[in-house]
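# need coordinates for the following:
(2 chains)
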Amino acid sequence: MATQEEKIEETLREILSGSVDSSVDLASSTNFVSDLGLESIQVLEFVMEVEEHFDIAIDMESLSDVLTIGQLAKVVAELVKD
Amino acid sequence: MDKVDLLDKFGKISANRDQLSAVGRDPTSIVIDRIISPTEAIIDGKPTILVGTNNYLGLTFDPECVAAGQSALAEAGTGTTGSRMANGSYAPHLALERELADFYDVPHAMVFSTGYAANLGTLAALVNTGDVVVMDADAHASLYDGCRMSGGSVYRFRHNDMTSLGNRLRRLAEKASRTLIVVEGLYSVLGDRAPLREIVALKREFGAHLLVDEAHSLGIYGEHGRGVCEELGVMEDVDFIVGTFSKSLGATGGFCASRHDVLPLFRYASRPYIFTASGNPSVIATTRAALRQISARPQLRQKLHDNAERLYRGLEAMGLRLGADVSPVIAVRFEQSEDAARTWERLLEAGIYTNLFVPPATPDGSSLLRCSVSAAHSEEQIDTILQRFREIIEPAKSRAAGS
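Below you'll find the predicted structure:
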């Protein structure tokens, strides 16, 4: 059975697939900048969509170390749990 | 694994810079050989009309401001050589603070050495660990940096989007009472204004506080020139107004004005205030003279808005894509950054200086030329600017249509 984090990752991939090249394989380790070539503005726009989807607020400090889909899923999982 | 050297990071910066200059003139290395007036300079040996200076009221050569600066230079010397905390304030620093407070009709104002320091210093004093900032996504870098310095948690909301702001505040729940909403009056890249009435309604609903940066709107909006807060009738509901002396006042320095009695205590809690040299006497003197001009000459505001309207309508008539609001900041938008860069360079060759903005410096990833209008522009200068735009844009449009 998928863990909560895996489910969140799946949702993140769905949200992200709307704005990136569909030929790119989106994995847990996919890096927003080096793999997907997203500009920082695009990353933050994506994060806002994620916040709206889960009805959470992610502060900028929590994002400072987030580079991959898996890392973002962890941050989201913490907030959804609260 | 290869060891990373401290200096390696500059390789990427150097590559980006080279890429920028490879397409033509590097927009970050413009040299003004000689400045002639608020609206004219010699650039590359050529007389050039300046429409990218933020010199909104054209006060940099105002005779009263120049005389005030010269007199202060002669009487009080070239610099203060220290901070106000350690070396003492000069009486004119305090006089300027009193005059700013009176100008905004609030009890307190505090002067900083630059606009950047004002934003850093205000946020660092006001917000601490455990506090929350909810900030417009398009806010200026100095506001972001101030937030970082403050230690507070920072959440962004979509630019001027009240649903996004409302959702943020709702999600913060009981933390809303220790939340500071941070917005700008007039946004400096696209020239649009904050919907302050709606923002104030949300602030009240959730019990938050509000800081408005009027850097680009001081002296430009409102009956007394106080800014967008005055224009939209929300002065009473704004907790802190920050701004700069470096645009409409034609000097350097910044300030925070507030109706809250805690503001004077910021002096003890604001590192960017404490650990920096105070404003030079001549700079403080020209700032005070310029502030008096804002109150004494409301016709400057009228002229500025007339000029902005003339330039905006003229550019609009050429079918160019502009920012939504007519304001002294007029953004001419382009789909491709190469088109923006080419147009910027051709305008410069034709004697018109604008500001080029390409990603990541633009709020929405688009490319644009920013024109900032001045009250000192003559109608003839505005018409010349329009004529040069037409000469450059129209052949490019017909080439694009023909291809």
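# tell me if the helix or strand where B:Asn119 lies is near chain A.
With elements taken from DSSP states H and E, the one containing B:Asn119 is helix B:115-126. No. Taking C-beta under 8 Å from any C-beta of the partner chain as the criterion, helix B:115-126 and chain A are apart, separated by no less than 13.4 Å. Yep, even glycine has a C-beta here, placed from its N, CA and C like the rest.
# quick one: the helix or strand following that helix to helix B:115-126, angle?
For helix B:115-126, the following helix or strand on the C-terminal side (DSSP H and E) is strand B:132-136. Relative orientation of strand B:132-136 versus helix B:115-126 (axes from the mean of the first three to the mean of the last three C-alpha atoms, to 10 degrees): 150 degrees.
# could you export strand B:132-136 as PDB, CA atoms only?
Backbone C-alpha positions of strand B:132-136 (Å, rounded to 0.1, in the frame of the first residue of the first chain) are rendered in PDB as follows:
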ATOM      1  CA  VAL B 132       4.800  35.800  10.000                       C
ATOM      2  CA  VAL B 133       5.200  37.800   6.900                       C
ATOM      3  CA  VAL B 134       2.700  37.400   4.000                       C
ATOM      4  CA  MET B 135       4.100  39.200   1.000                       C
ATOM      5  CA  ASP B 136       3.100  39.900  -2.500                       C
END
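# near B:Arg399, how many other residues are there?
The tally of other residues near B:Arg399 (other C-beta atoms under 10 Å in any protein chain shown) stands at 9.
# sorry, slip of the keys, the one I care about is B:Ala141.
By other C-beta under 10 Å, neighbour count at B:Ala141 equals 10.
# just B:Arg342 next, same as before
Number of residues near B:Arg342 (other C-beta under 10 Å) recorded here: 16.
# now it: closest residue in space, sequence neighbours ignored.
Nearest in space to B:Arg342, with sequence neighbours left out and distances taken as C-beta to C-beta, 6 or more residues apart in numbering or on different chains, is B:Gly24 at 6.9 Å.
# where's the one you found relative to chain A, distance?
Per C-beta to the nearest C-beta, to the nearest Å, B:Gly24 is found 22 Å from chain A.
# how is that residue classified with respect to secondary structure?
Of the three states, B:Gly24 takes coil under DSSP: H, G, I helix; E, B strand; the rest coil.
# what about it, how many residues close to it?
15.
# next: B:Leu190.
Each residue near B:Leu190 was counted by other C-beta under 10 Å, and the total is 25.
# can you report how many residues neighbour B:Ser83?
Neighbours of B:Ser83 using other C-beta under 10 Å come to 16.
# OK, contacts around it?
By C-beta atoms under 8 Å, 6 or more residues apart in numbering or on different chains, the contact list for B:Ser83 reads B:274-278.
# swap in 10 Å and give it another go.
By C-beta atoms under 10 Å, 6 or more residues apart in numbering or on different chains, B:Ser83 lies in contact with B:89, B:113, B:273-278.
# going along the chain, name the helices of the chain.
Assuming you mean chain A. With DSSP state H, the ranges of helices along chain A come out as A:4-17, A:40-54, A:60-63, A:69-81.
# not what I meant, chain B
Using DSSP H, helices in chain B cover B:9-22, B:63-76, B:84-87, B:91-104, B:115-126, B:141-150, B:162-172, B:196-206, B:228-231, B:271-274, B:281-296, B:298-317, B:337-349, B:379-402.
# now, of those, which is deepest in the fold?
Greatest average neighbour count among the helices of chain B goes to helix B:115-126 (a mean of 26), per mean count of other C-beta atoms under 10 Å in any protein chain shown.
# average pLDDT for that helix?
Helix B:115-126 shows a mean pLDDT of 98.
# low-confidence ranges in the chain?
The chain I'm using is chain A. Residue ranges of chain A with pLDDT under 70: A:1, A:22, A:82.
# switch to chain B, please.
By pLDDT under 70, the low-scoring segments of chain B are B:1, B:402-403.
# identify the residues contacting the nearest residue to B:Asp131 once chain neighbours are set aside.
Excluding its sequence neighbours, the residue lying closest to B:Asp131 (C-beta to C-beta, 6+ apart) is B:Gly152, at 4.3 Å. Contact analysis of B:Gly152 by C-beta under 10 Å, 6+ apart lists A:59, A:61, B:123-124, B:126-133, B:146, B:178-180.
# list just the nearest of those residues to B:Gln387.
B:Gly146 (42.0 Å; C-beta to C-beta).
# now do that closest one against B:Gly152, distance only.
10 Å (C-beta to C-beta, to the nearest Å).
# next one: B:Val182
10 Å.
# any residues in contact with both of those two?
With C-beta under 10 Å, 6+ apart as the test, B:Val182 and B:Gly152 both reach B:123, B:127, B:133, B:146.
# would you confirm that the first one contacts B:Leu143?
Yes. Between B:Leu123 and B:Leu143 a contact is recorded at 6.9 Å, counting by C-beta atoms under 10 Å.
# now, which of the shared contacts of B:Val182 and B:Gly152 sits nearest chain A?
B:Val133 (9.0 Å; C-beta to the nearest C-beta).
# which residues are in contact with the closest one?
A:59-60, B:123, B:126-127, B:139, B:143-144, B:146-147, B:150, B:152-156, B:179-182, B:211.
# and it, how far is that from A:Leu26?
32 Å.
# can you check A:Glu39 too?
Distance, A:Glu39 to A:Leu26, by C-beta to C-beta: 18 Å.
# what's the spacing between the nearest residue to B:Gly233 once chain neighbours are set aside and B:Glu214?
In this structure, B:Gly233 finds its nearest non-sequential neighbour in B:Arg197, 7.5 Å apart by C-beta to C-beta, 6+ apart. Going from B:Arg197 to B:Glu214 by C-beta to C-beta gives 16 Å.
# swap in B:Gly314?
For B:Gly314, the distance to B:Glu214 - C-beta to C-beta - is 27 Å.
# same deal with B:Tyr187?
Distance, B:Tyr187 to B:Glu214, using C-beta to C-beta: 11 Å.
# cool, and B:Pro328?
13 Å.
# and what of B:Pro27?
From B:Pro27 to B:Glu214 the distance is 27 Å (C-beta to C-beta).
# neighbour count winner among the two?
Between B:Pro27 and B:Glu214, counted using other C-beta under 10 Å, the more crowded position is B:Glu214 (28 against 19).
# who's the closest spatial neighbour of B:Ala101, skipping the chain neighbours?
With C-beta to C-beta, 6+ apart, the residue lying closest to B:Ala101 is B:Ala109, at 4.1 Å.
# contacts only, for the one you found.
B:96-103, B:241, B:255-258, B:263-264.
# also B:Pro47?
Counting by C-beta under 10 Å, 6+ apart, B:Pro47 has contacts B:34, B:36, B:40-41, B:351.
# near chain A, which residues of chain B? Just list them.
By C-beta under 10 Å from any C-beta of the partner chain, the residues of chain B that approach chain A are B:132-135, B:137, B:144, B:147-148, B:151-158, B:161, B:163-164, B:167-173, B:175, B:359-360, B:362-365.
# coming back round to it: for A:Thr30, find the nearest of the helices of chain B.
Among those, helix B:9-22 sits nearest to A:Thr30 (C-beta to C-beta), with 21.6 Å.
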